[in-house]
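Asker: what's the 3D shape of this:
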Amino acid sequence: MYGNRVLLIAGRTSFFHVLLMMTLIGGPIVFFSSDLDIPGKLSIFLFFLISLWLVYFLLNILFHRRSLRNTEKLNEFLAKKEVEQGKDVGTYLEGW
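Answerer: Next up, the predicted model:
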């Protein structure tokens with residue numbers, strides 16, 4: 001259903017959304033904890049960033065695919081360009 005380019009754009013879009021939230025909320029928490037050195041803090045930040053992004057990305061795909069059960073929505077989605085489709089998939093949970 002989704003092409004490689006659509007998934008790539010959706011992944012990039014959802015990654016930037018998670019990165020923004022992790023940087024604003026999780027960054028100071030990890031940085032100001034005094035128990036670890038800088039490489040340890042960076043590795044924890046990257047671990048949580050990638051973990052949360054994968055969960056968010058997969059949930060976006062799952063719920064977006066469920067929303068396309070209606071043929072009208074499916075036709076609307078397929079009428080869009082690949083870039084718009086990718087952004088639509090990558091930001092599906094944003095409005096919730």
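Asker: how about the most centrally placed residue in the chain, nearest residue that isn't a chain neighbour?
Answerer: Central residue of the chain (Cα atoms, centre = their mean): residue 14, 2.4 Å from the mean position. Spatial nearest neighbour of residue 14, chain neighbours left out: residue 90 (4.2 Å); criterion: Cβ to Cβ, 6 or more residues apart in numbering. Any C-beta I mention is one placed from the backbone N, CA and C, and that applies to glycine too.
Asker: doesn't residue 13 make contact with that neighbour?
Answerer: Yes - with contact defined as Cβ atoms under 8 Å, residue 90 reaches residue 13; the gap is 3.2 Å.
Asker: buried residues, the host helix or strand of residue 63. List them.
Answerer: Taking DSSP states H and E as the definition, residue 63 sits inside helix 38-67. Of the residues in helix 38-67, 41, 45, 49, 53, 56, 57, 60, 61, 64 count as buried by neighbour count, 16 or more other Cβ atoms under 10 Å.
Asker: kindly report the same for stretch 14-22.
Answerer: 14, 15, 17, 18, 22.
Asker: mind listing which of those are in helices?
Answerer: Of the buried residues of stretch 14-22, the ones assigned to helices by DSSP state H are 14, 15, 17, 18.
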